[in-house]
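Novice: Quick one: sequence plus predicted model below, questions after.
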Amino acid sequence: MGRNLHYTIPKYLESALTKHAKVLSWERIDSSQSDEHYIYLIRRSEGLSQVIVHLSDEYEYSLDDYFQKPDSIGEGAFILVARPEAVYDDSIVEVAQQDQVSIGKFGALMGALYKERHWEYVPKERRDEN
């Protein structure tokens, strides 16, 4: 885990957060000098709680990655599997939900920001629409 993301990925996220209907403000809370992770604090509108978002640079986000997440990623956080080509297993989502943590890709984050209990949000990428 770390900062091994193309420079456009954080910029794209920041642009989307700025335009999101439920986002009042956001800020990077990692230390660009010493931290190995991209971590954001998102303040939401209409009484919704703040969300800490961790950008994962893994190609295959695994249970090991989840258990090695930064200490600041706890209850109420969202782990963004940030690479468009990356994958993750649904079993990790179930473990994270028990901790009230969300895991998903970009679209999942954008949808989850509308929900107070965002870890219960089921994004299109995980819906069984057969």
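Specialist: That came through fine.

Novice: can you give me the helices in this protein?
Specialist: 8-19, 63-67, 90-98, 106-112 (DSSP state H).

Novice: Just name the most buried of the ones you listed.
Specialist: Neighbour counts (mean count of other C-beta atoms under 10 Å) averaged over each of the helices of the chain peak at helix 106-112, with a mean of 19. C-beta: built from backbone N, CA, C; applies to glycine.

Novice: for the record, mean pLDDT for that one?
Specialist: Helix 106-112 comes out with an average pLDDT of 96.

Novice: What lies in contact with that helix?
Specialist: 12-13, 16, 20, 53, 78, 80, 82, 84, 102, 104, 118-119, 121, 123-126 (C-beta atoms under 8 Å, 6 or more residues apart in numbering).

Novice: Now with 6 Å, please.
Specialist: Residues outside helix 106-112 that contact it (C-beta atoms under 6 Å, 6 or more residues apart in numbering): Phe78, Leu80, Ser102, His118, Tyr121, Pro123.

Novice: Specify which member of those is nearest to Tyr59.
Specialist: Leu80 (14.1 Å; C-beta to C-beta).

Novice: Can you get me a residue count around that closest one?
Specialist: Residues near Leu80, counting by other C-beta atoms under 10 Å, number 23.

Novice: Can you name the residues bridging to it?
Specialist: Beta-bridge pairing for Leu80 (DSSP bridges): Leu55, Gly104.

Novice: how near is the residue nearest to Arg44 when sequence neighbours are not counted to Tyr38?
Specialist: Closest residue in space to Arg44, ignoring its immediate chain neighbours: Lys22 at 4.9 Å, by C-beta to C-beta, 6 or more residues apart in numbering. Distance of Lys22 to Tyr38, computed by C-beta to C-beta, to the nearest Å: 21 Å.

Novice: So between the two, which is more surrounded?
Specialist: Tyr38 (22 against 17).

Novice: so the more buried one touches Val53, yeah?
Specialist: No: contact criterion C-beta atoms under 6 Å: Tyr38 and Val53 do not qualify, at 8.4 Å.

Novice: Brilliant, that's me finished.
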